[in-house]
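Colleague: I would like the atomic coordinates for the input below:
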Amino acid sequence: MSRVVVVGAGVVGLSCAVRLLEAGHDVEILARELPARTTSATAAALWYPYLAFPHDRVTAWAARSFEVFAELAAARPDAGVRLRAGTEVFAEAPADPWWRDAVPGLRRTADVPPSYTAGWTFTAPVIDMPVYLAWLARRVAALGGSLTQTTVEAWPDGGTVVDCTGLGARDLAGDDAVEPVRGQVLYLEQWGLERWWLDASGPTYVVPRLDEVVVGGTEQPGVRDLDPDTATAADILERAARLVPEVADARVLRHGVGLRPARPAVRVERDAADPRVVHCYGHGGAGVTLSWGCAEEVVGLVAR
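Modeller: Residues are numbered from 1 along each chain as shown. Below is the predicted model of the structure:
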């Protein structure tokens, strides 16, 4: 098999590297930031197709990723993936979600917090990102891949390049369609919460991990500020407490900010001008949710 250089070490880059290694390729990852410092590390990482287009391709990628996460939850407890039931809430009764076919067991419910009138509930993967990114990195190493922290200013020579640079594609791929959408979150001490809750109109979410609870968030297009804002944090906590009242009394462990790489359409394709480059970026707020589906498509593109 061929030599492949993956550029980027977020969840998409690591997932692509794993699948390429499993397919027999010689894989090297080059990244400006190590996994624990990427945008992926900040994510609440509830499986949910958010800020990602087009809907048909996203649904297929999300469905495949759901399957893989369910397998990991059952077979690899060290990966930090768990299946948790939860509810998305609405002020008015909604139509079925466009991603309905990707989710087994979704059903409508009227058991929602005050000020909401309807919701649907389903079981979804929840990924503890610090644990999961470390697991992916170990998987890459175990399969014989390498990860080097370096600044990449041009596509490396030799072999195929898989572009998983997220916002970095603005410079490396010359793609001005990629824009940041700022997301701010807080991490709270876990008090025994088992279910996740989501109001996508905020977006407001409360997502339980094993040792902490992630609450968010914001959707701020074009904003690049990585410093947590105190007033925004207070607003997030107030909104989150409407979903889960215990949030108001929970101890704040730390704050986080991430810049989602949004684009009018997720780009998973071979570069027409430079066929040795395969692009995989622009996942918006759904990098985790689409990661395995997109990674498997990348393997096919590299093979062709």
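
Colleague: And the helices in the stretch 101-250 of the chain, which stretches?
Modeller: 129-142, 169-172, 230-243 (DSSP state H, counting those that start in this stretch).

Colleague: Out of those, which is closest to R76?
Modeller: Counting by Cβ to Cβ, R76 lies closest to helix 129-142 out of the helices of the stretch 101-250 of the chain; the figure is 7.5 Å. Heads up, the C-betas are built off the backbone N, CA and C, glycines and all.

Colleague: Now that closest one: buried residues?
Modeller: M129, P130, V131, Y132, L133, A134, W135, L136, A137, R139, V140 (16 or more other Cβ atoms under 10 Å).

Colleague: Pretty sure the fifth one sits against T39.
Modeller: Put plainly, it is L133. No. Between L133 and T39 there is no contact, the gap being 11.1 Å when judged by Cβ atoms under 8 Å.

Colleague: export the helices of the stretch 101-250 of the chain to CSV and tack on mean pLDDT?
Modeller: Formatted as CSV, these follow (pLDDT from 0 to 100):
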stretch, mean pLDDT
helix 129-142, 98
helix 169-172, 96
helix 230-243, 98
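
Colleague: For A273, find the nearest of the ones you listed.
Modeller: Among those, helix 169-172 sits nearest to A273 (Cβ to Cβ), with 13.4 Å.

Colleague: could you say what helices and strands the closest one packs with?
Modeller: Using 3 or more Cβ pairs under 8 Å, 6 or more residues apart in numbering; DSSP states H and E as the contact test, no helix or strand touches helix 169-172.

Colleague: Check which residues of it are buried.
Modeller: Of the residues in helix 169-172, A169, R170, L172 count as buried by neighbour count, 16+ other Cβ under 10 Å.

Colleague: ok, and what's touching it?
Modeller: Residues from elsewhere that reach helix 169-172, judged by Cβ atoms under 8 Å, 6 or more residues apart in numbering: 7, 152-155, 163, 165, 175-176, 178, 261, 267, 279, 281-282.

Colleague: go with 6 Å
Modeller: Residues from elsewhere that reach helix 169-172 (Cβ atoms under 6 Å, 6 or more residues apart in numbering): T165, D175, V178, Y281.

Colleague: can you put the buried residues of helix 129-142 in a markdown table and add distance to A95?
Modeller: Shown next, in a markdown table, are the buried residues of helix 129-142 (distance: Cβ to Cβ, whole Å):
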| residue | distance to A95 |
| --- | --- |
| M129 | 31 |
| P130 | 36 |
| V131 | 36 |
| Y132 | 32 |
| L133 | 35 |
| A134 | 39 |
| W135 | 37 |
| L136 | 36 |
| A137 | 40 |
| R139 | 39 |
| V140 | 41 |
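
Colleague: which of these lies closest to V81?
Modeller: Set against V81, the nearest of these by Cβ to Cβ is Y132 (6.4 Å).

Colleague: who are the neighbours in contact with that closest one?
Modeller: A79, G80.

Colleague: The nearest residue to W98 once chain neighbours are set aside: neighbouring residues, count only.
Modeller: The shortest distance from W98 to any non-neighbouring residue, by Cβ to Cβ, 6 or more residues apart in numbering, is to H55 (4.8 Å). Each residue near H55 was counted by other Cβ atoms under 10 Å, and the total is 13.

Colleague: could you measure H55 against A118, distance?
Modeller: As defined by Cβ to Cβ, to the nearest Å, H55 lies at a distance of 22 Å from A118.

Colleague: do the same with V27
Modeller: Going from V27 to A118 by Cβ to Cβ gives 46 Å.

Colleague: out of the two, which sits in the more crowded spot?
Modeller: Neighbour tally, V27 and A118, criterion other Cβ under 10 Å: the higher count belongs to V27, 28 against 15.

Colleague: That one should be in a strand, yeah?
Modeller: Yes. V27: assigned to a strand according to DSSP: H, G, I helix; E, B strand; the rest coil.

Colleague: which residues pair with it across the strands?
Modeller: Note on V27: beta-bridge partners V4, judged by DSSP bridges.

Colleague: Check what pLDDT it gets.
Modeller: Looking at V27, its pLDDT is 98.

Colleague: now S115
Modeller: In this model, S115 is scored at 88, pLDDT.

Colleague: Show me the shaky parts of the stretch 51-200 of the chain.
Modeller: Along the stretch 51-200 of the chain, the model assigns pLDDT under 70 to no residue.

Colleague: Quick check: the gap between L21 and S15.
Modeller: Where S15 is concerned, L21 sits at a distance of 11 Å (Cβ to Cβ).
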